[in-house]
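Engineer: Return a 3D structure for these sequence lines:
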Amino acid sequence: MTAMFSPLEGQTLAFINRLQEEQDRNEGTWIQRKKPAQNCSDVKCAKVFGIFVGARYCRRCGNCFCKDCLVCERRLNIHGELDPNGVLQKVCAKCFDDGEQTIGPGRSHFHLFLHFRTHVGCKNPGLNQKNSIKISNFRENLDLDMECQRISRGFKESLKSSIFGVTLPDLQVPAWKKSTYWVYGNMATKCNGCSEEFGLLRSRHNCLVCGCVVCAGCSTKDLLVYIPDEKDPLSDDVEAELAIIRIVGCPEKEPRVCSYLRLCQRCNTRLQDRQISKVQNIKKSTEENEDEDPAIQMTKTSDQLTAMKATIEDSLIKYGELVYLFDVGPRRSPRRGLVPKNSMQVLAKTQGDLADRITSLVTVAMGLKHLRPTSQKQLKILRNLLQSSFDSYHDFKDRFQELQKLLENVVPKETLVEIQAVVNRNAINSCYLSMKQLGLEVLYLSDKHNLDVALLPKLIAAEEIVQEELRIALNEDWEEQEKLINQFLDDQLKHHRLMRPSRRHLHRYGNAHVLAVIHERSETILQQMFFQLQAKSTDAVFCRTKETLKQLRSSLVQLTNKSAS
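Structural biologist: This is a model prediction of the structure:
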């Protein structure tokens, strides 16, 4: 005879049965415990169990462990064996690594979440909090410069009502300390930094920069507003300065007239970045001033000339080896006078590069004439440096001409004509690239600074003349060559600019500095182009280009003298 139960009794009985089955299953996973230990079974840990350190048992091996050493989980059956369909149970690290991993293991991440909420939450103020999201929105529109000016002006005005330049404590927050977006304390229930609720042990504080409400742990009194000791605090021409203490750029010792203001961590970070960047800009300006020192300029130019002389010496040796190779080769070869085409191209390239380096030596040395020595000793060093540079130039030029004469004696005339043709093409191509880049940069600077550069139309006309002679010398498909030229110029304009005006001088002198840079650099580049074309090509070719470069140089000198007067 079956017993009849009401629906409520049946549900209660079924719940009791499920609860009993769950308890039996959980107890079944505990293998026979070993004797209670006094220390953690992990050899590396070995904590002593007591009131604050409880003992926990591995559900698989039965050893005692502390809480930190029993964080892994494995699926076990009622016999404590690995089972993909079992229940997740706490196991030690050894049992966790033992056996095949049939499914992904589980691990408790509560302590990571707790660490994130406690520590990382302070660095991300207002995380997932409605009231903090509103504050983050107005923080994005906060003008940091305007708030700093407000604090500086307010502190300066407060000194007028103080006694002997020392500010008195305020019973209420003065108006100059309140930010544009000031949040009153009774309107905030949670800290904008850590999102913890305010209470008896957690008081409210306002950031005097952005105005948000934070606790004492999420704010510091690191903002120092002060008057430098060497200045008069009551003078109308003196302004108060701001600095974050213990950061580069702050005063080495506490000023006599100063005040410490509270600010939040976010404003602290922004002001630190601003202070560090300001110090770096001052350092760059100081380095630029040092670079203008004639002694430093002469030292750098001397090092550059020494490196160029070593490079020219190596190039002369390489060029001489190639010439002697041509001298010996044809005599030993039964086909005397025949020169391979690749060897001819190598010789032409080496000859052109050597001529470029020799003329660059003169250009760099002539840049020393613009220096203005400040003492007799510097003047003597400058003269010796110029004399040695021009002596080296004449020595390199004589050796180069001797090797060219030797090449004319050992190589047939047809081969010399072909070599010189390759050198001429490379020379006019290099001249066209420099001319086009110079014109583009002058055009860019004139458009950027709204300048009327009289040199620009002459550069455009000269570029057309050089382009005509380049197309005649190449005698190839100009469209393909033009693509290569444009690719080269794109790379040059991105990474190797010819003109870079100084920001500090631009701020001080305005567009006059840009115009001076254009004239000075254009004169140097045109002079180098003329010398290189004159040294590498023969006198009978590129006459229009050479004459155009001469006229450009003379007109540029006239423009420079007119602007100077």
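Engineer: Gly320: which element?
Structural biologist: With elements taken from DSSP states H and E, the one containing Gly320 is helix 294-332.
Engineer: pLDDT of that helix, averaged?
Structural biologist: Mean pLDDT, computed over helix 294-332, is 78.
Engineer: Distance from the chain centre to that helix, please.
Structural biologist: Relative to its chain's centre, helix 294-332 lies at 36 Å (C-alpha atoms, centre = their mean, to the nearest Å).
Engineer: buried sites along it?
Structural biologist: Within helix 294-332, the residues scored as buried using 16 or more other C-beta atoms under 10 Å are 294-295, 297-298, 301-302, 305, 308-309, 312, 315-316, 319-320, 322-323, 326, 329-330. All C-beta spots, glycine's among them, are computed from the backbone N, C-alpha and C.
Engineer: how near is Leu459 to Gly193?
Structural biologist: The gap separating Leu459 from Gly193 is 60 Å, by C-beta to C-beta, to the nearest Å.
Engineer: which one of these two has more residues nearby?
Structural biologist: Neighbours around Leu459 and Gly193, counted as other C-beta atoms under 10 Å, are more numerous at Gly193. The numbers are 25 against 21.
Engineer: and the more buried one, that's in a strand?
Structural biologist: No. When classified by DSSP: H, G, I helix; E, B strand; the rest coil, Gly193 is found to be coil rather than part of a strand.
Engineer: With Leu142 as the reference, measure out to the nearest residue in space to it that is not next to it in sequence.
Structural biologist: On the basis of C-beta to C-beta, 6 or more residues apart in numbering, the spatially nearest residue to Gly193 that is not a chain neighbour turns out to be Cys218, at 2.8 Å. Note on Cys218: its distance to Leu142, by C-beta to C-beta, is 17 Å.
Engineer: Give me the phi and psi for Lys380.
Structural biologist: Note on Lys380: its backbone torsions stand at phi -70, psi -40 [degrees, to the nearest 10].
Engineer: Contacts only, for it.
Structural biologist: By C-beta atoms under 8 Å, 6 or more residues apart in numbering, Lys380 lies in contact with nothing.
Engineer: what pLDDT does it get?
Structural biologist: In this model, Lys380 is scored at 85, pLDDT.
Engineer: quick one: it from Leu305, how far?
Structural biologist: Lys380 sits 17 Å away from Leu305 when distances are taken as C-beta to C-beta.
Engineer: can you check Cys66 too?
Structural biologist: With distances defined as C-beta to C-beta, the gap from Cys66 to Leu305 amounts to 73 Å.
Engineer: The residue nearest to Gly193 is in contact with Asn192, isn't it?
Structural biologist: Yes. Checked against C-beta atoms under 8 Å, the pair Cys218 and Asn192 is within contact range at 7.4 Å.
Engineer: The two - which one has more neighbours?
Structural biologist: Neighbour comparison, Cys218 and Asn192: the larger count goes to Asn192, with 27 against 23 (by other C-beta under 10 Å).
Engineer: what's the neighbour count on Ile247?
Structural biologist: There are 15 residues near Ile247, going by other C-beta under 10 Å.
Engineer: any low-confidence regions in this structure?
Structural biologist: Low-confidence segments of the chain, defined by pLDDT under 70, are located at 1-36, 99-141, 161-171, 282-292, 326-344, 561-565.
Engineer: Distance from the chain centre to stretch 68-86, please.
Structural biologist: 51 Å.
Engineer: Can you list the buried residues in it?
Structural biologist: Of the residues in stretch 68-86, those with enough neighbours to count as buried (16+ other C-beta under 10 Å) are 69-77, 80, 82-83, 86.
Engineer: so can I have CSV of these showing distance to Cys148 and secondary structure?
Structural biologist: Output for the buried residues of stretch 68-86, formatted as CSV (distance: C-beta to C-beta, whole Å; DSSP: H, G, I helix; E, B strand; the rest coil):
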residue, distance to Cys148, secondary structure
Cys69, 52, coil
Leu70, 54, coil
Val71, 49, coil
Cys72, 53, strand
Glu73, 54, strand
Arg74, 58, strand
Arg75, 60, strand
Leu76, 63, strand
Asn77, 68, coil
Gly80, 67, coil
Leu82, 64, strand
Asp83, 66, coil
Gly86, 64, coil
